[in-house]
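Engineer: could you work out the structure for the sequence below:
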Amino acid sequence: MKKLTLVRHAKSSWKHPELTDFERPLNKRGKRDLPAMVERLASHQLIPDTLLSSGATRAILTTKAISSRLAIPQHHILEIPELYESCAETLLLVLQNMSESYKHIMLVGHSPGLERLASLLCQQSITKFPTAAVIHLHLSIKNWHELADGCATLTLFDYPKKHQHTPE
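Structural biologist: Predicted coordinates for the structure are as follows:
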């Protein structure tokens, strides 16, 4: 059985109109939410064999925080250009071509591709995938090239607002 963890990058800033979408950094909320999200990954022991990241600045910053806290060696981190602005089918193809030696892959990317991929794999509607959210899937496959519709069971869907406490 393989495992897949999907992570949407932390909240990004729109304050710098001179930057392209690809270059946008994290905003104040993203910087606040990211450490807690990374701690929850650690508490759930979601430590992948490899970490795939979009090359966008906000995804790279999210990936760096994850790899630092989970002690993922740099040579286990792959920046894959196709992950930026990719559809579910592209994400699926990237994953299907991963080395069979990986038992657990973590992918840091973007909406709407991530939620569509999760919906496809789980065969259930995932309509919102907030920033700094994590979806963990158990896959009923032995090899990545077998990754297909309906092969996944959703075991965790976590996001920052789930942990916000409202005053009584």
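
Engineer: may I have the biggest helix by length in the chain as CSV, with CA atoms only?
Structural biologist: Longest helix of the chain, by residue count under DSSP state H: helix 28-43. Output in CSV follows, covering the C-alpha atoms of helix 28-43 (Å, rounded to 0.1, in the frame of the first residue of the first chain):
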residue,chain,number,x,y,z
LYS,A,28,1.2,37.4,7.5
ARG,A,29,-1.5,34.7,7.9
GLY,A,30,0.5,32.2,5.9
LYS,A,31,3.5,32.7,8.1
ARG,A,32,1.3,32.4,11.2
ASP,A,33,-0.5,29.2,10.0
LEU,A,34,2.5,27.4,8.5
PRO,A,35,4.3,26.4,11.8
ALA,A,36,1.1,24.9,13.3
MET,A,37,0.4,23.0,10.1
VAL,A,38,3.9,21.6,10.1
GLU,A,39,3.6,20.6,13.7
ARG,A,40,0.4,18.7,12.9
LEU,A,41,2.2,16.9,10.1
ALA,A,42,4.8,15.8,12.6
SER,A,43,2.2,14.8,15.3
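
Engineer: and it, how far from the chain's centre?
Structural biologist: Distance, stretch centre to chain centre, for helix 28-43: 13 Å (C-alpha atoms, centre = their mean, to the nearest Å).

Engineer: tell me the buried residues in that helix?
Structural biologist: Buried residues in helix 28-43, counting neighbours by 16 or more other C-beta atoms under 10 Å, are found at 30, 33, 34, 37, 38, 40, 41. In this view, the C-beta of every residue, glycine as well, is placed from N, C-alpha and C.

Engineer: so the fifth one sits right up against residue 67, yeah?
Structural biologist: So the one you mean is residue 38. No - using C-beta atoms under 8 Å, residue 38 is not in contact with residue 67; the gap is 9.5 Å.

Engineer: show me the shaky parts of the chain.
Structural biologist: Within the chain, the segments meeting pLDDT under 70 span 165-168.

Engineer: can you rerun that using 50?
Structural biologist: Applying pLDDT under 50 to the chain flags no residue at all.

Engineer: tally of neighbours for the closest residue in space to residue 61 that isn't next to it in sequence?
Structural biologist: Distance criterion C-beta to C-beta, 6 or more residues apart in numbering; nearest residue to residue 61, sequence neighbours excluded, is residue 26 at 5.3 Å. Neighbours of residue 26 under the rule other C-beta atoms under 10 Å: 22.

Engineer: look up phi and psi at residue 2.
Structural biologist: When read as degrees, to the nearest 10, the backbone of residue 2 gives phi -100, psi 160.

Engineer: what sits closest to it if chain neighbours are left out?
Structural biologist: Nearest to residue 2 is residue 139, by C-beta to C-beta, 6+ apart, at 4.3 Å.
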